[in-house]
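Asks: how would this look folded up:
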Amino acid sequence: MMRLRLIRHAEAIGNAEARMVGRQDAPLTVAGLTQAEQLGVQWRQQSWQPQAIWSSPLQRAQQTAIALSQAQLQAMPLVLQPALTEIDLGCLTGLTWPEAEQRYPDLCQLLLRDRHWQPIPEAETLSDCRMRAEQICTQLLQANIDLWIVSHGGFLQHLFATLLGCDRSWGLDWPLLGAIDLSLSTEDWRDRGCDRWNTALWRWQIVHWPSRPTD
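Replies: Coordinates of the predicted model:
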């Protein structure tokens, strides 16, 4: 059984201002770095340790991965995976929603009016994002080792759905430093028999799910 931990990065510059950070390479805030270090200490005595950490190459994910790793009893390799990067939000990158409404009023009205996917100039398509998630899933099955994976709130929704075997992506309001564990049987992944429904082979649980601050 391969064990995975999907982790969203800690608070980065822009998160506290509710900016659509996207591919912007923002570092962690001081508070975010401290929170990642504290979480790493909490996980030090847990039941399992990864053989490596895979991370998005963006600063906020790398800094989170390093903080978590340094708190463990044994050092673990850090592997940067470009496909784990956040969804490209195109022209909306770095903006708050009020700023986007001022700059792109017609686009924002369309996004609010219609929940179906709408193309955003210079942004990544949903199909491209899902293809990245499937690429990572294939790499994970080939690696077949216990891993912590540090990525981003947008992309993790697609990766989680892919690992669950869903043919669609489900919305999940993934909080900063939110973490979900999965265990899965790589040798039975492509089995089309009844073991697809054998819950002893496919398990997930929430490990850490911080509540969002209220206004």
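
Asks: The longest helix out of those in the chain packs against which elements?
Replies: Under DSSP state H, the helix in the chain containing the largest number of residues is helix 126-143. Counting by 3 or more C-beta pairs under 8 Å, 6 or more residues apart in numbering; DSSP states H and E, the packing neighbours recorded for helix 126-143 are strand 2-8, helix 153-163. For the C-beta atoms, the positions are set from N, CA and C on the backbone; glycine is no exception.

Asks: beta partners of Arg5?
Replies: Counting by DSSP bridges, Arg5 forms beta bridges with Trp148, Asp181.

Asks: show me what contacts it?
Replies: By C-beta atoms under 8 Å, 6 or more residues apart in numbering, the contact set of Arg5 is 50, 147-149, 179-182, 207.

Asks: go on, Arg3?
Replies: Arg3 neighbours (C-beta under 8 Å, 6+ apart): 48, 50, 146-147, 181-183.

Asks: Repeat that for Leu176.
Replies: Leu176 makes contacts with 8-11, 15, 32, 35, 153, 210, as judged by C-beta under 8 Å, 6+ apart.

Asks: among these, which ones are buried?
Replies: Neighbour counting by 16 or more other C-beta atoms under 10 Å classes 8-11, 15, 32, 35, 153 among these as buried.

Asks: Show me where the chain has its helices.
Replies: Counting by DSSP H, the helices of the chain are 30-43, 59-70, 97-103, 105-113, 126-143, 153-163.

Asks: got JSON lines for the ones you listed, with mean pLDDT too?
Replies: Output for the helices of the chain, formatted as JSON lines (pLDDT from 0 to 100):
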{"stretch": "helix 30-43", "mean pLDDT": "96"}
{"stretch": "helix 59-70", "mean pLDDT": "97"}
{"stretch": "helix 97-103", "mean pLDDT": "96"}
{"stretch": "helix 105-113", "mean pLDDT": "94"}
{"stretch": "helix 126-143", "mean pLDDT": "97"}
{"stretch": "helix 153-163", "mean pLDDT": "97"}
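
Asks: Pick the most deeply packed of the ones you listed.
Replies: Highest mean neighbour count of these: helix 59-70, a mean of 23 (counted as mean count of other C-beta atoms under 10 Å).

Asks: helices and strands around it, which ones?
Replies: Contacts defined by 3+ C-beta pairs under 8 Å, 6+ apart place helix 59-70 against helix 30-43, strand 52-55, strand 78-80, strand 147-151.
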